[in-house]
Every structure is written in structure tokens, then in C-alpha cells.
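Enquirer: Build me a structure from this.
(one chain, ligands or ions: 1)
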Amino acid sequence: MAEKRRVMAAALEPSQDLTDLRSFVQAVLIPRAAQNDRDARFDHDTTRQLWERGLLNVLVPKEFGGTECSVSDLVWIARELGYGSAGVAATFIGNLLGFSAMILYANSPLREKLSRQNLNGFQLWSFAMTEKGCGSDLEKTATTARRVPGGYEITGEKNFITNATHATQLSVFAAVVNENGEPEGITCFYIPGDSPGLRRGDAVDKMGWRESNTGHLHFDRVFVPEYHRLGDLGAGLKVLTHCLNRSKTLLGAVSVGVSTRALDMVVERLLQTNRYGRALTDQSAIRHLLARLHTEVEAAWLLALRAAAVWDSGDFAVKEASMAKLFGGNTASKVTSQAVELFGARGFINEYEVSRLMRDAKAIEIVEGPSLVQELLIAKKVIPEKKASKKIYQLDEADARRIDVKKKVA
Ligand SMILES: Cc1cc2nc3c(=O)[nH]c(=O)nc-3n(C[C@H](O)[C@H](O)[C@H](O)COP(=O)(O)OP(=O)(O)OC[C@H]3O[C@@H](n4cnc5c(N)ncnc54)[C@H](O)[C@@H]3O)c2cc1C
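Expert: Numbering: from 1, shown residues only. As a prediction, this is how the structure comes out:
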């Protein structure tokens with residue numbers, strides 16, 4: 001218990017010096033973001049700089065020479081990247097998701113080999129779960145992994161995958177079918193990006209996160225050896241839940257970065273805008289609005305920090321991560337939409353970046369499970385928790401006596 005409390009308290013402060021990361025965000029991400037967004041350009045140079053700074057290798061274990069960041073470390077990084085460019089933050093998160101499936105579930109020799117490979121040369125990961133017929137509902141996975149001597153043959157298609165066009169490494173989910181055509185369950189596999197039979201579709205043209213790459217992957221009897229299986233046979237849902245919920249915590253932090261940027265821009269703008277003889281920041285209605293928005297962003301940040309601390313204490317933070325993403329995404333949408341409005345006409349024209357933030361915020365509400373799905377996940381946890389504690393279903397004896405006394409008095 002004391003150790004858990006220590007982890008929770010430590011999560012409120014960054015364990016690493018963020019000065020260098022902030023300089024990178026200010027010097028590289030912010031100046032490039034507007035043009036890359038206009039051109040829907042995946043910036044190879046920025047991505048390479050992410051790798052050079054170790055940001056694509058944050059999970060490599062210390063024993064192999066990596067930094068082995070905790071989830072609490074990662075939320076700080078995700079927030080800073082989100083502040084500079086949600087698109088670049090998406091590249092970071094897509095890479096992390098793919099890599100985390102490997103690092104958490106690969107056998108030891110594969111883990112070591114791929115970790116060292118990641119440190120020695122540029123690698124970019126994708127995490128391929130979604131298909132046309134299955135987003136929120138993984139059990140409908142139509143991509144198959146047919147058992148063949150020595151491994152599996154993967155056939156199918158994955159859609160809307162971050163980093164898909166450029167990924168050198170993939171974590172892919174497929175439904176295993178044995179030699180007799182019988183199902184053996186959804187399973188996760190590591191697939192090198194240069195595997196024969198793997199084809200990349202065009203990048204999709206998106207409303208937001210335009211600086212990130214999102215594309216389709218086609219698998220035509222791609223051979224995967226048995227030792228590239230990530231996790232147990234049929235344990236794909238477990239791998240998915242683990243990786244995705246860790247990642248949702250980081251999306252919560254990205255949403256805080258996007259919201260904070262919008263608030264910084266809007267306050268700067270309002271300070272310079274005089275209406276009715278004074279700066280707009282001196283108008284009472286605007287002061288109240290800014291106070292409320294700042295409070296909501298702070299609350300979103302605390303949810304992300306808490307979810308991270310729960311992961312780092314060794315528990316599965318599904319409820320906390322879902323709350324962080326749900327509230328963070330909704331807050332980012334609300335804050336950025338308000339920011340556009342507070343910019344007036346300038347908010348609506350592309351010359352001012354604030355409209356990009358609004359488009360970027362929307363993606364957070366959809367990817368890794370839309371808000372309605374997060375609500376279902378939260379309800380699935382909180383209702384049984386309440387039921388178990390019986391508080392809302394049964395009055396305890398003291399309550400019952402109090403009510404009885406009130407009745408008598410009446
Ligand atoms: C920019 C971008 C990047 C992405 N990157 C990746 C990636 O790297 N890897 C990957 O695998 N996928 C990726 N995705 C896919 C993304 O995770 C899915 O789009 C998302 O999970 C939603 O799935 P869906 O599109 O099939 O929506 P659906 O599941 O069809 O949902 C549609 C709507 O129905 C609602 N809904 C669904 N189920 C229920 C229910 N039971 N009850 C009530 N309402 C429900 C949802 O809330 C939503 O509003 C990406 C998508 C985008 C846009």
C-alpha cells in the first residue's frame with residue numbers, strides 16, 4: 001500500500017527533465033505543423049528526429065541499453081508532443097502501440113533482438129487491429145492466420161492504421177484457423193515490414209492528424225514463423241486490451257497538450273484584442289469561460305496522471321485509462337471549439353492555426369475506441385464495483401435507522 005501511494009504521488013511530477021523535449025517542440029514541431037497540416041505531409045525528417053532523440057524507443061528495457069520509460073514518464077512526453085503537433089503525437093503513439101505488443105508479449109530472444117534492432121537503426125512500428133468490418137468489435141476480425149508447417153499464413157486487410165505506409169515493423173491481429181479449418185482464436189503476430197506478400201495501400205486523406213500517416217495494409221499469404229507470435233494462441237484480446245488501454249492513457253495526455261495549446265493561443269489573442277475600451281481578457285463573461293476551460297483541462301491532466309500511476313503500480317487501469325481518454329478527448333473538442341469561437345472570424349480562416357487544433361481534437365474522440373465505447377467500458381467496471389460495495393442498492397443499518405426516525409418524527 002505504501003509503495004502504491006509513493007507511485008501515485010511521484011506521478012504528479014515529471015521524473016525526467018523536459019527542457020530538451022520542449023526545445024524540440026518549439027524549434028521543430030510548432031514551426032512545421034501548419035504547413036505539414038495543409039499538405040497532409042508525413043514529415044520523414046521529424047520522424048527521424050523522434051528516433052534520434054530516443055522517442056521511438058522509449059520502451060526498450062534498460063538491460064538492452066534503453067530507457068524503459070514508465071507510463072508516468074510517457075504521459076509527460078505525450079502531452080508535450082500533443083502541444084506541438086497532435087499529428088506527430090499520433091506517430092509517436094502508433095509506434096508505441098505496435099512496439100508495446102512486442103515488448104510485453106514476445107518471447108525473450110525476439111524481444112531482445114527487436115529491442116537492439118530498434119536502438120541500432122531507424123524503425124517505425126504500426127499496430128494493426130482495425131478492419132473495414134471491425135473497429136470497436138475485434139471479435140469480427142476477418143484477417144486469418146492459417147496454420148502451416150512452422151508457422152502461419154496471414155491473409156486479409158487492415159484499415160486506418162497509423163504509420164501503415166512507412167512502418168518497418170508491424171504488430172498484427174488475425175483469427176487463427178488450424179489445418180482442419182477450425183478456429184483457434186484471435187492472436188497477435190509480429191510481422192517485419194518487408195515480408196513477402198505484404199502490400200501497402202494509399203494513405204487516407206483525413207480531417208485532422210494530417211501530419212500523421214494513416215493507411216491500409218494488405219496481406220496475401222504472408223508467412224509468419226511460430227516464434228513471431230506475440231502472446232498465447234487465442235490471447236489476442238488480452239494483448240489488445242493491455243496495449244490499447246495503456247495507449248489510451250497517453251491519448252488522454254495528448255488531448256491535454258492540444259487543449260493547453262489552444263488556451264495559450266486564445267489567451268494571447270484575447271489579451272491583444274480590445275473591445276468596448278478594454279482587453280477581452282477583462283470582460284467578465286470571458287474570464288469565467290477561461291476559468292472553466294482551464295479547470296477542465298487540469299482535470300483531464302489529473303485523470304491521465306492517475307491512470308498512468310495505476311498502470312505503474314502494477315494494476316490494469318482499464319477504467320482509469322478509458323476515463324482519461326473519454327474526458328480528455330471531450331475536453332479537447334470543447335476547448336478547441338471555444339478557442340475557434342473566441343478568435344472570432346480569424347478562428348474560422350486557415351491562416352490562424354487554431355482551427356487545426358479543433359480538427360485534431362476530434363480524432364482523439366474516435367481512435368482507440370470512440371467516446372460511446374469508452375463509456376460502455378467504464379460502466380462495465382463501475383456498476384459491478386458499486387454492486388459489490390452494496391452502497392447504492394442496500395441501506396446499511398445506520399441509514400435505515402435514520403430514515404425510520406425521520407418517518408416517526410414526521
Ligand atoms: C486517424 C486514425 C488513426 C487510426 N489508427 C489506428 C491504428 O493505428 N490501428 C488500428 O488498429 N486502428 C486505427 N484506427 C481505427 C480506430 O481505432 C477505429 O476507427 C475506432 O476504434 C472506431 O472503430 P470504427 O471506425 O469501426 O467505428 P465503429 O465501431 O463502427 O463505431 C461507429 C460508432 O458507433 C458507436 N458504437 C460502436 N459500438 C457501440 C456500442 N456497442 N454501443 C453504442 N455505440 C457503439 C461508436 O461510438 C461510434 O460512434 C485509426 C483511426 C483513425 C481515424
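
Enquirer: helix/strand/coil for Val256?
Expert: helix (DSSP: H, G, I helix; E, B strand; the rest coil).

Enquirer: My understanding was that it contacts Leu303; is that so?
Expert: No - taking contacts as Cβ atoms under 8 Å, Val256 lies outside contact range of Leu303: 9.1 Å. No exception for glycine: its C-beta is placed from N, CA and C like everyone else's.

Enquirer: which element is the residue nearest to the spatial centre of the chain on?
Expert: Centroid-nearest residue in the chain, with Cα atoms, centre = their mean: Leu251, separated by 3.4 Å. Using DSSP states H and E, Leu251 falls within helix 236-272.

Enquirer: just to revisit the earlier point, more neighbours, Val256 and Leu303?
Expert: Val256 (29 against 25; other Cβ atoms under 10 Å).

Enquirer: Can you tell me, leaving aside adjacent residues, what's nearest to the more buried one?
Expert: Trp301 (4.6 Å; Cβ to Cβ, 6 or more residues apart in numbering).

Enquirer: Checking my notes, that neighbour in a helix, right?
Expert: Yes - judged by three-state DSSP, Trp301 forms part of a helix.

Enquirer: Leu240 is in contact with Leu104, correct?
Expert: No - Leu104 is beyond contact range of Leu240, at 11.3 Å (criterion: Cβ under 8 Å).

Enquirer: In contact with Arg210, which residues?
Expert: 36-38, 40-41, 87, 359 (Cβ atoms under 8 Å, 6 or more residues apart in numbering).

Enquirer: Helix, strand, or coil at it?
Expert: Arg210 - assigned by three-state DSSP - is coil.

Enquirer: State the pLDDT value of it.
Expert: Per-residue confidence (pLDDT) for Arg210: 97.

Enquirer: what's the spacing between the nearest residue to Leu280 once chain neighbours are set aside and the ligand?
Expert: Of all residues not flanking Leu280 in the chain, Leu270 sits nearest, at 4.1 Å (Cβ to Cβ, 6+ apart). Distance of Leu270 to the ligand, computed by Cβ to the nearest ligand atom, to the nearest Å: 31 Å.

Enquirer: Pull the number of nearby residues for Leu270.
Expert: 21.

Enquirer: check contacts around it.
Expert: 279-281, 286, 290, 342.

Enquirer: Mind doing that once more with 10 Å?
Expert: Residues near Leu270 by Cβ atoms under 10 Å, 6 or more residues apart in numbering: 279-283, 286-287, 290, 339, 342-343.

Enquirer: next one: Glu157
Expert: 128, 131-133, 142-143, 199, 201, 216-220.

Enquirer: The residue nearest to Val256 reaches Ala332, doesn't it?
Expert: No - contact between Trp301 and Ala332 fails when scored by Cβ atoms under 10 Å: they sit 11.4 Å apart.

Enquirer: of those two, who's got more company?
Expert: More neighbours surround Ala332 than the other of Trp301 and Ala332, with 34 against 23 (other Cβ under 10 Å).

Enquirer: which one of the contacts of Leu270 sits closest to the ligand?
Expert: Among the contacts of Leu270, Ala339 lies closest to the ligand (Cβ to the nearest ligand atom), at 21.2 Å.

Enquirer: one step back: please report how far the residue nearest to Leu280 lies from Ala34.
Expert: Distance of Leu270 to Ala34, given as Cβ to Cβ, to the nearest Å: 21 Å.

Enquirer: Pull the number of nearby residues for Glu320.
Expert: Neighbours of Glu320 (other Cβ under 10 Å): 25.

Enquirer: Show the contacting residues for it.
Expert: So Glu320 contacts 245, 248-249, 252, 303-311, 378, 381 (Cβ under 10 Å, 6+ apart).

Enquirer: I'd like the average pLDDT over the host helix or strand of it.
Expert: Using DSSP H and E, the element containing Glu320 is helix 318-342. What helix 318-342 shows for mean pLDDT is 97.

Enquirer: Now do whichever helix or strand comes after it: which elements does it pack against?
Expert: Heading C-terminal from helix 318-342, the first helix or strand you meet, by DSSP H and E, is helix 345-348. If you count contacts as 3 or more Cβ pairs under 10 Å, 6 or more residues apart in numbering; DSSP states H and E, helix 345-348 packs onto helix 236-272, helix 318-342, helix 354-366.

Enquirer: With distance to Asp20 added, can I get those helices in TSV?
Expert: Supplementary listing: the helices and strands packed on helix 345-348 in TSV, determined by distance: least, Cβ to Cβ, whole Å:
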stretch	distance to Asp20
helix 236-272	17
helix 318-342	25
helix 354-366	24
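
Enquirer: for those, which one sits closest to Thr47?
Expert: For Thr47, the closest of the helices and strands packed on helix 345-348 is helix 236-272, at 16.5 Å, according to Cβ to Cβ.

Enquirer: coming back round to it: looking at the helices and strands packed on helix 345-348, spot the one closest to Ala27.
Expert: Short answer: helix 236-272, nearest of the helices and strands packed on helix 345-348 by Cβ to Cβ, at 15.7 Å.

Enquirer: how about the closest one: buried residues?
Expert: 236-237, 239-240, 242-263, 265-267, 269-270 (16 or more other Cβ atoms under 10 Å).

Enquirer: Please apply the same query to stretch 351-366.
Expert: For stretch 351-366, by 16+ other Cβ under 10 Å, it's 352, 354-365.
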